[in-house]
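Visitor: Build me a model:
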Amino acid sequence: MPHFAPKAKRIIYLFMSGGPSQLDLFDYKPLLNQRHGEQLPDSVRGGQRLTGMSGNQSSIPLVGSPFKFAQHGRSGAWLSELLPHTAGIADELCVVRSMFTEAINHGPGVTFFQTGTQIAGRPSMGAWLSYGLGQENANLPSFVVLVTKGKSGQPLGAHLWGSGFLPSRHQGVLFRAAKDPVLYLNNPAGVSADSRRQLLDSLRELHEHQLAGTPDAEIQSRIDHYEMAFRMQFSIPEVTDLAQEPQPVLDAYGPDVKTPGSFAANCLLARRLAERGVRFIQLYHQDWDHHGGLPGALPKLCKETDQPAAALIRDLRSRGLLDETLVVWGGEFGRTNYCQGKISANFGRDHHPRCFTMWMAGGGIKAGQTYGETCEFGYNVANNGVHIHDLQATLLHQLGIDHERLTYQFQGRRYRLTDVHGNVVEDLVA
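Guide: Numbers count the residues shown, from 1 in each chain. Take a look at the predicted model:
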């Protein structure tokens, strides 16, 4: 049972892998345009480390955004012209502009967000929720992972949705963009459902006999895996059949929705999974790592993601699901206010962990607000900083979990998602 009454039942996490540029999407800094080409003041940098990709530059020139910003909704949220559909749901959003992290490279950065540590091997957030709250639908996994097909960029390892030292039944199940979303789910030719059931019953008896003599949680996990796989043979084809959706719904998610594995298709599938009680739905969309070519590449990424993400919020709202579904959007860090290399029409920005932007919607989060501020240069958090562990503590809180009490003993120590850190950000909670 939850530690206290939850405000949300599930999370849909839209992870923009690579580090989207907050300065070109959410964090409007006209000063950078005014001082375009000038050197980053030492007083602003404050001796903070830079990555090896720009740390040896003889010049660190400030670079303004080439994109226009405007305020939207009653909340007056500043959004880039690249996000017209997101602008249409501005009053549903809680935009956090004061996120910060210690990770400065992609692998540790993504791992930190997903597992609470920069070192691979710990349980992922979805696994912790599965362990803490269990399954809502016995016929579907409690934790599903969807990766946009055909994207490049930094690789996404299975440790990001792994169970670590938790029992393996809590790990995420990756749905592929293929005829068979889950490999080896269908029975081989000539094997009926009845014969498969008889085989599993006999196998279960053998596993239970082994478990009686060797009390091992992984034996029970193996039993659970086989039983879940059998139930998924019937549930997965139904939930992944987007052709069941009415044409107006398909149109709302955009033209890419009919392309299997697209971000649009995955957003619609996420809504279908949420309807059926999946606890944690993780979407990954890569290619946000714009060290160069940002003015040309960023609009393409926004075109792929802007409409589907906004459609997901509207779709959940129309079905009465948004209040109980917490949607999260963001990457592993932000981008610098200075140019990587020399300023050109096709400039890029380096990694920046000191401040970046994320947004949330639904799930008991206070809508229509922009929380936290960065300095006028967009380089440091000015007030109301939110660390990754604070965000994780807040997400767990919305699902009725005290992040300090959700623990698992391993090798003589009690571990938790937030390690020994984190505070619930009460100002984000409705």
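
Visitor: tell me the domain ranges of the chain?
Guide: Taking automatic domain parsing as the criterion, the chain consists of the domains 10-181+259-428, 183-239.

Visitor: can you give me phi and psi for residue 196?
Guide: Phi and psi for residue 196, reported as degrees, to the nearest 10, are phi -60, psi -40.

Visitor: hang on, isn't it packed against residue 231?
Guide: No - applying C-beta atoms under 8 Å, one finds residue 196 not in contact with residue 231, separated by 11.6 Å. To be clear about C-beta, it is placed using only N, CA and C from the backbone, and glycine gets the same treatment.

Visitor: Mean pLDDT lowest where, among the domains of the chain?
Guide: Mean pLDDT is lowest for domain 183-239 out of these, coming in at a mean of 84.

Visitor: if we can go back for a sec, which of the domains of the chain sits most buried?
Guide: Most buried of the domains of the chain by mean neighbour count (mean count of other C-beta atoms under 10 Å) is domain 10-181+259-428; its value is a mean of 20.

Visitor: quick one on the thing from earlier: with distance to residue 247 added, can I get the domains of the chain in CSV?
Guide: Converted to CSV, the domains of the chain look like this (distance: least, C-beta to C-beta, whole Å):
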stretch, distance to residue 247
domain 10-181+259-428, 13
domain 183-239, 19
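
Visitor: which residues touch residue 209?
Guide: Taking C-beta atoms under 8 Å, 6 or more residues apart in numbering, we find residue 209 in contact with no residue.

Visitor: for it, helix, strand, or coil?
Guide: Classification of residue 209 by DSSP: H, G, I helix; E, B strand; the rest coil places it in helix.

Visitor: Residue 376 belongs to a strand, doesn't it?
Guide: No - going by three-state DSSP, the assignment for residue 376 is coil, not a strand.

Visitor: what about the residue nearest to residue 69 when sequence neighbours are not counted, distance to residue 336?
Guide: The shortest distance from residue 69 to any non-neighbouring residue, by C-beta to C-beta, 6 or more residues apart in numbering, is to residue 28 (4.2 Å). As defined by C-beta to C-beta, to the nearest Å, residue 28 lies at a distance of 16 Å from residue 336.

Visitor: And stretch 37-45, end to end?
Guide: Across its full length, stretch 37-45 reaches 16 Å between end residues, using C-alpha to C-alpha, to the nearest Å.

Visitor: Please enumerate residues in contact with that stretch?
Guide: Contacts for stretch 37-45 (C-beta under 8 Å, 6+ apart): 59-63, 337-338, 343, 375, 377, 379-380.

Visitor: of the residues you listed, closest to residue 136?
Guide: Nearest to residue 136, judged by C-beta to C-beta, of the contacts of stretch 37-45 is residue 380 at 41.3 Å.
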